[in-house]
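[1] okay, here's the prediction I keep looking at, along with the sequence it came from:
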Amino acid sequence: MAGTGRTTRPPSGGRTQPVEGALRAALEVIDEAVLICDRELHVVWANRAALRHVGNRLDSADRLLPELCPEWAAAVILDEALPLLATGQAGTSWRGDSALCRFDGGETPMSLRLQSIAGGLLVAAFRCRVEVTDTAPVGGVATMVAEITHELRTPLTGVLGMAELLRETDLSPEQRELMEALHHSASHLRGLVDGLLELSRLEAGRVELVTAEWRPKQLLGELDAEFTPRFRAKGLILATALDHAVPRKIVGDVFRLRQVLTNLLANALKFSTRGTVRLAVDRDQDQLRFQVIDQGIGIPPEALTRLFTPFRQADPAVARNYGGSGLGLAICKRLVELMGGAISVESAPGRGSIFTVSIPLQPG
């Protein structure tokens, strides 16, 4: 559930569908937790970021927005925000401090903006609050990076959304070439901004795991469905294997685990030109082990020690030929360590690579 938006409203038809699709896609990739509510504050839609925070608490069709917040934040919404928005006039908004409840019973401090929109609906946009202290200069730098990259991400999302809309229009060959170049450059820049934002949060200790029960078989199926078309388009094969010793249900942060595996599979796809990439899951005593095995270009021994360092890639020439910011594996390492695990690599030039992720096994 943590990977898809939730809605109880069918999409409208006609010419507005491309626009609505682009807007929905934009909402799904932003960092703010966005929920759409009716006038009685029933949640009718939530983006991916919101689902990462509230998870299966939205399984109920009658879930109210204040029920997702701690008592004090719910009181602020009901006593301060709701009376201001009661007129129903589109564009009316309220801003203030709030919080969302976590699975472990704690709360995540948030800034909340509630705004009336057309159709008698309300948009609730929660953004993680960043705490700045003068006694921690390193944290101050991390805060500055996080704030700058966050502010960059919003207009970049708008640029990409507009590029998607342009793709739906009649363009001359020259215009389409320019538009595709614009989209490619904006996508690359957003990837860099996303990486910087994620790394700054990890370095500052502001990334919290959200633990819930998940199924390894389902995770592998979702990754296979996502990546198989991309592998086939490049003439490659993606094979997945789940050992019978792996429990059917496991407790952990499947969103962050999927983020790590997605990065490793994307790298295997990028650096492979032939053969099969294998994603295998097995149990090693009290550890859950994932391996991504490819037949790609491989990594020279002298580059292995810096592979998980931010902005460092195995070879500058590789960076020029294949692209990338050099942040992905650094983020993977920190996420895996946050989960109490470890990540390692075995590789040699021309012989491919084996990336291994091991995390503590917590059966569900």
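    Thanks, I have it.

[2] and the residue nearest to Glu40 when sequence neighbours are not counted, what pLDDT?
    In space, and not counting its chain neighbours, Glu40 is closest to Leu64: 7.6 Å by C-beta to C-beta, 6 or more residues apart in numbering. (Each C-beta comes from the backbone N, C-alpha and C, glycine too.) With respect to pLDDT, Leu64 scores 90.

[3] next one: Leu82
    At Leu82, pLDDT is 85.

[4] number the chain from 39, please
    Sure, I'll start numbering at 39, so the last one becomes Leu120.

[5] for it, give me its contacts.
    Going by C-beta atoms under 8 Å, 6 or more residues apart in numbering, Leu120 touches Leu79.

[6] quick one: contacts for the residue of the chain positioned farthest from its centre?
    Relative to the centre of the chain, the most outlying C-alpha is that of Thr125, 35.4 Å out, by C-alpha atoms, centre = their mean. Taking C-beta under 8 Å, 6+ apart, we find Thr125 in contact with Ser154.

[7] what's the local residue count around Pro254?
    Neighbours of Pro254 under the rule other C-beta atoms under 10 Å: 20.

[8] each with direction, which strands does the biggest strand by length in the chain pair with?
    Longest strand of the chain, by residue count under DSSP state E: strand 145-155. Here strand 145-155 is paired, per DSSP bridges, with strand 131-139 (antiparallel), strand 159-166 (antiparallel).

[9] what's the average pLDDT for the last one?
    Along strand 159-166, the predicted confidence averages to a pLDDT of 86.

[10] all strands of the protein, in order?
    Listed in chain order, the strands of the chain (DSSP E) span residues 44-45, 71-75, 81-84, 131-139, 145-155, 159-166, 250-252, 275-280, 288-290, 314-322, 325-331, 380-385, 391-398.

[11] what is the neighbour count of the residue nearest to Glu78?
    The burial count for Leu102: 16, using other C-beta under 10 Å.

[12] that one: what's it in contact with?
    Contacts for Leu102 (C-beta under 8 Å, 6+ apart) come out as Glu78, Leu79, His80, Val81.

[13] for the stretch 239-388 of the chain, give me the ranges with low pLDDT.
    Within the stretch 239-388 of the chain, the ranges that satisfy pLDDT under 70 run 348-364.

[14] Ile369 reaches Asn301, doesn't it?
    Yes: the criterion here is C-beta atoms under 8 Å, and Ile369 meets it with Asn301 at 7.2 Å.

[15] just to revisit the earlier point, who's the residue nearest to Glu78 bridged to?
    His80.

[16] quick one: it and Leu116, what's the gap?
    According to C-beta to C-beta, to the nearest Å, Leu102 stands 10 Å off from Leu116.

[17] related to what we said a few turns ago, could you measure the residue farthest from the centre of the chain against Arg77, distance?
    With distances taken as C-beta to C-beta, Thr125 is found 11 Å from Arg77.

[18] check contacts around the closest residue to Leu345 other than its chain neighbours.
    Nearest residue to Leu345 in three dimensions, chain neighbours excluded: Leu367, at 5.8 Å (C-beta to C-beta, 6+ apart). Going by C-beta under 8 Å, 6+ apart, Leu367 touches Asn301, Asn305, Leu345, Phe346.

[19] next, count neighbours for the first one.
    This means Asn301. Look at Asn301: counted by other C-beta under 10 Å, it has 19 neighbours.

[20] how many neighbours does the closest residue to it other than its chain neighbours have?
    Nearest residue to Asn301 in three dimensions, chain neighbours excluded: Gly366, at 4.7 Å (C-beta to C-beta, 6+ apart). Residues contacting Gly366 under the criterion other C-beta under 10 Å number 23.

[21] among the strands of the chain, which is the most enclosed?
    strand 71-75 (a mean of 23; mean count of other C-beta atoms under 10 Å).

[22] sheet partners, orientation included, of it?
    Strand pairing for strand 71-75, determined by DSSP bridges: strand 81-84 (antiparallel), strand 159-166 (antiparallel).

[23] can you give me the domain boundaries for this protein?
    Here the domain parsing of the chain from automatic domain parsing is 44-166, 175-241, 250-398.

[24] end to end, how far does the last one reach?
    The separation between the terminal residues of domain 250-398, taken as C-alpha to C-alpha, to the nearest Å, is 14 Å.

[25] what's the answer for stretch 372-381, then?
    9 Å.

[26] now do the helices in the stretch 189-338 of the chain.
    211-241, 254-271, 292-308 (DSSP state H, counting those that start in this stretch).

[27] can you list those helices in a markdown table and add distance to Ala341?
    Below are those laid out as a markdown table (distance: least, C-beta to C-beta, whole Å):
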| stretch | distance to Ala341 |
| --- | --- |
| helix 211-241 | 19 |
| helix 254-271 | 25 |
| helix 292-308 | 14 |
